[in-house]
Structures are given as C-alpha cells and as structure tokens.
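Participant: need a structure here:
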Amino acid sequence: MSQDLADRHCKPCEGGVEALRTDQAEALLEALHPDWSLSDDGLKIVRRFDFPAYSRSLGFANAVAWIAIVEGHHPVLTVSYSACSVSYTTHAINGLSDSDFICAAKIDRLATEHS
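Facilitator: Below is the predicted model of the structure:
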C-alpha cells in the first residue's frame, strides 16, 4: 500500500474538510515504514532518519524539500549533524490529511532508493 500512496499526488487543502480520525490515520500509518509514528494527540506523523555525516543529513533534507515543492505540501524538517526528522500535519485542518501520508510514502521511497 505504501507504493500506492507514493504514486498518488497531494491535493491542496485550504480547510473545509475534516481531519482524519485516529483510526483512519492508524490504518494509513500501517502502509508506511514502521519508523513513522503518530503523535499522542493524533495530529501529526513523525520519522527520524539517521546519517553518518552532516552532508548526508543536509542532502536528504534538500531532497525532502524538493518533494514538498513538487507536491505543494510542506513538512517541518529538523536537521542536525547526523539526523533529519520529518514531521507532517495539515495546518489548514489542524490535523492529518491523505497528503501527509502521500508525502511520507514518497520519502520512504526516497530513503529506500538511496540507502
């Protein structure tokens, strides 16, 4: 199912739709790499990617930024010397949408292809 998500594209969300319920988010989370986690409040998904050097962390962050630009859906990125944490939520609805999981699946594909 992750492949299915990774092949989809984000739809712009300007509000007016309901955020995913926790059970819906948990079902979609099962399609992602097991390192993705749902926040306690159910409003975001997060994954940490570890790297051997800052240059690799930064390169990964730039690749994630490119996915964000192409999809029009932007995560919070936290870059450190040996890691990059990616966090998704849909701010317009104060919760999770399909787009968060679509982008996460695209990042899973990126990480798999370049590991």
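Participant: helix or strand for Ser85, which one?
Facilitator: Using DSSP states H and E, the element containing Ser85 is strand 83-88.
Participant: would you mind pulling the contact partners of that strand?
Facilitator: 44-51, 57, 60-61, 64, 73, 75-78, 96, 100-101, 103-104, 107 (CB atoms under 8 Å, 6 or more residues apart in numbering). No exception for glycine: its C-beta is placed from N, CA and C like everyone else's.
Participant: switch to 10 Å and redo it
Facilitator: For strand 83-88, the surrounding residues in contact (CB atoms under 10 Å, 6 or more residues apart in numbering) are 36, 39, 44-51, 54, 56-64, 67-68, 73-79, 96-97, 99-104, 107, 111.
Participant: and the next helix or strand past the lowest-mean-pLDDT helix or strand in the chain?
Facilitator: Here the helix or strand of the chain ranked lowest by mean pLDDT, DSSP states H and E is helix 2-7, holding a mean of 80. Using DSSP H and E, the helix or strand that follows helix 2-7 towards the C-terminus is helix 22-29.
Participant: which neighbours in the sheet does the helix or strand just after that next one have, and how are they oriented?
Facilitator: Downstream of helix 22-29, the next assigned helix or strand under DSSP H and E is strand 37-38. If you go by DSSP bridges, strand 37-38 pairs up with strand 45-50 (antiparallel).
Participant: just the CA trace of the partner strand, in CSV.
Facilitator: The C-alpha atoms that make up strand 45-50 are tabulated as CSV, following Å, rounded to 0.1, in the frame of the first residue of the first chain:
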residue,chain,number,x,y,z
ILE,A,45,3.2,11.9,11.9
VAL,A,46,7.0,11.9,12.5
ARG,A,47,10.0,9.9,11.4
ARG,A,48,13.7,10.4,12.2
PHE,A,49,16.3,9.5,9.6
ASP,A,50,19.9,8.9,10.7
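Participant: could you check that strand and say which residues are buried?
Facilitator: In terms of neighbour count (16 or more other CB atoms under 10 Å), strand 45-50 has its buried residues at 45-47, 49.
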